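K.L.:
below is the sequence, then the predicted model.
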Amino acid sequence: MKFFTGRVAKRSILLFSCVLLLLASACFAKDYDQLFTDANDAMAQGDLPAAIALLKKVEFEKGDESGAFVRSRMQIARLQFALKDMEQASSAAKEVLAVYPDNSEALNFLASVKQEQTPRYQVFIQDCLRFLPQLLKGAVMTITLVVCIILISPIGGLLIALGRISTFKPVSGLCWFFIWLFRGTPLLLQLFFIYYGLPSLGVTFKPFTAAILGLGLNYSAYLGEIIRGGIQSIEHGQMEAAKAIGMSYWQAMRRVIIPQTYKRLMPPIGNEFIALIKDTALVSTIAMVELMRSADQMFNAYFNVTALILAALIYLLFTTIFTFVFEKIEVRAGIYENR
């Protein structure tokens, strides 16, 4: 009987101790909660030093399941970071790492502090080295698109221009309708229709094909009108003189009229192709990974404006090169006319 009574007493004492421990833990947790509340109030009033002083009262305890210590030290680290005191900010994060060496939040915070202490020009260089490889891949795709359209659209434009000035009404009307359609609707809408709309009609294109098709048709329409204007600016007597020496209509066009339009066409065509470099950015909306999409992806991933600055510089480089090249071609095409 005594043995049984003794065991009951021991269990009662153990149970009572556990209850006391839980109550004590609850009391401590409540105190920490009040500390955090007071610290938040101090921060709301702009008194950051007071908030830091309150948060420092939270001490490390074994079995801290609530994470009050980590929470307080990381909050102190962020406040010190806001106050530009990087030494104290690092110290607070290191307190966490001293107890929890693998704490990712503290490790990432120390990396941010290190980057903040790095001179701006070094950060910019590091960002450039990090972003440039991906941007250059996108730039290669942009140049590929531009070269393809430069090869395709003048041929399409010439055919449309010849059809537009044709005396055969159905051909002239069809070319007029083509120009009216592609000049009267946004290029972005045309790209969307080709890539997203045509699949509903059973016609599917890959992004690159859809981009070539959309840009090629649109720029053929614009160049068609430019070439038509260049051809019709040649005096009508030139055609009559060519026919007088026995040339057919197409021989006169090929040997007399069209060669004279080169110099007059170079400035507007150069403008169109420079605009084309910038318009290629629109194909990023149909899943084409070119320069603009590459820059957009990196900006969204790192929220770093350096990616956009580098993309702008690459676009400016391309347009500058094209401007210089077309000026040289314009001079070359008009060398005989200048005499």
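P.N.:
Sure thing, it's come through. Just so you know, these numbers come straight off a predicted model, no measurement behind them.
K.L.:
surely residue 32 is in contact with residue 58?
P.N.:
Yes - using Cβ atoms under 8 Å, residue 32 is in contact with residue 58, at 5.8 Å. Bear in mind the C-beta positions are built from the backbone N, C-alpha and C, glycine included.
K.L.:
and the residue nearest to residue 59 when sequence neighbours are not counted, how close does it get to residue 40?
P.N.:
Excluding the flanking residues, the one nearest residue 59 by Cβ to Cβ, 6 or more residues apart in numbering is residue 69, at 6.9 Å. Plainly put, residue 69 is 17 Å away from residue 40 if you go by Cβ to Cβ, to the nearest Å.
K.L.:
re earlier: the residue nearest to residue 59 contacts residue 103, correct?
P.N.:
No - using Cβ under 8 Å, residue 69 makes no contact with residue 103, being 10.8 Å away.
K.L.:
any idea how many residues pack against residue 277?
P.N.:
Per other Cβ atoms under 10 Å, the neighbour tally for residue 277 reads 20.
K.L.:
quick one: contacts for it?
P.N.:
142, 146, 315, 318, 319, 322 (Cβ atoms under 8 Å, 6 or more residues apart in numbering).
K.L.:
buried subset of those as a PyMOL selection?
P.N.:
Per 16 or more other Cβ atoms under 10 Å, the buried members of these correspond to this PyMOL selection:
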select buried, resi 142+146+315+318+322
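K.L.:
immediately after the host helix or strand of residue 137, which helix or strand?
P.N.:
Assigned by DSSP states H and E, residue 137 belongs to helix 120-164. Next in sequence after helix 120-164, counting helices and strands by DSSP H and E, comes helix 169-184.
K.L.:
roughly how far is that following helix from the heart of the chain?
P.N.:
Centroid separation between helix 169-184 and its chain, computed with Cα atoms, centre = their mean, to the nearest Å, is 36 Å.
K.L.:
next, the buried residues of it.
P.N.:
Judged by neighbour count (16+ other Cβ under 10 Å), helix 169-184 contains these buried residues: 175, 178, 179, 182.
K.L.:
got a list of what the nearest residue to the third one once chain neighbours are set aside touches?
P.N.:
What sits nearest to residue 179 in space, not counting adjacent residues and going by Cβ to Cβ, 6+ apart, is residue 221, at 4.8 Å. Applying Cβ under 8 Å, 6+ apart, one finds that residue 221 lies in contact with 157, 160, 178, 179, 181, 182, 183.
K.L.:
could I get these as CSV with distance to residue 96 and pLDDT?
P.N.:
Listed next are those as CSV, based on distance: Cβ to Cβ, whole Å; pLDDT from 0 to 100:
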residue, distance to residue 96, pLDDT
157, 66, 93
160, 69, 94
178, 68, 95
179, 68, 95
181, 65, 95
182, 62, 94
183, 63, 92
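K.L.:
tell me the contacts of the residue nearest to residue 59?
P.N.:
Contacts of residue 69 (Cβ under 8 Å, 6+ apart): 58, 59, 60, 61, 96, 99.
K.L.:
work out for me the element it sits within.
P.N.:
Using DSSP H and E, residue 69 falls in helix 68-82.
K.L.:
circling back: which residues are common contacts for residue 32 and residue 58?
P.N.:
Going by Cβ under 8 Å, 6+ apart, residues that sit against residue 32 and also against residue 58 are 68, 72.
K.L.:
how far away is residue 192 from residue 152?
P.N.:
Per Cβ to Cβ, residue 192 is found 20 Å from residue 152.
K.L.:
scratch that, residue 263 is what I was asking about
P.N.:
23 Å.
K.L.:
repeat that for residue 107.
P.N.:
From residue 107 to residue 152 the distance is 53 Å (Cβ to Cβ).
K.L.:
mind checking which of those two has more residues around it?
P.N.:
A count of neighbours by other Cβ under 10 Å puts residue 152 above the other of residue 107 and residue 152, at 17 against 14.
K.L.:
surely the more buried one meets residue 214?
P.N.:
No - with contacts counted by Cβ under 8 Å, residue 152 stays clear of residue 214, the gap being 11.6 Å.
K.L.:
show me where the stretch 201-339 of the chain has helices.
P.N.:
207-232, 236-244, 249-252, 258-279, 291-302, 306-333, 335-338 (DSSP state H, counting those that start in this stretch).
K.L.:
any regions of the stretch 201-339 of the chain where pLDDT drops low?
P.N.:
Applying pLDDT under 70 to the stretch 201-339 of the chain flags the ranges 334-339.
K.L.:
surely residue 234 touches residue 257?
P.N.:
Yes - with contact defined as Cβ under 8 Å, residue 234 reaches residue 257; the gap is 5.2 Å.
K.L.:
give me the common contacts of these two.
P.N.:
Counting by Cβ under 8 Å, 6+ apart, nothing touches both residue 234 and residue 257.
K.L.:
nearest residue to residue 138 other than its sequence neighbours?
P.N.:
residue 294 (3.2 Å).
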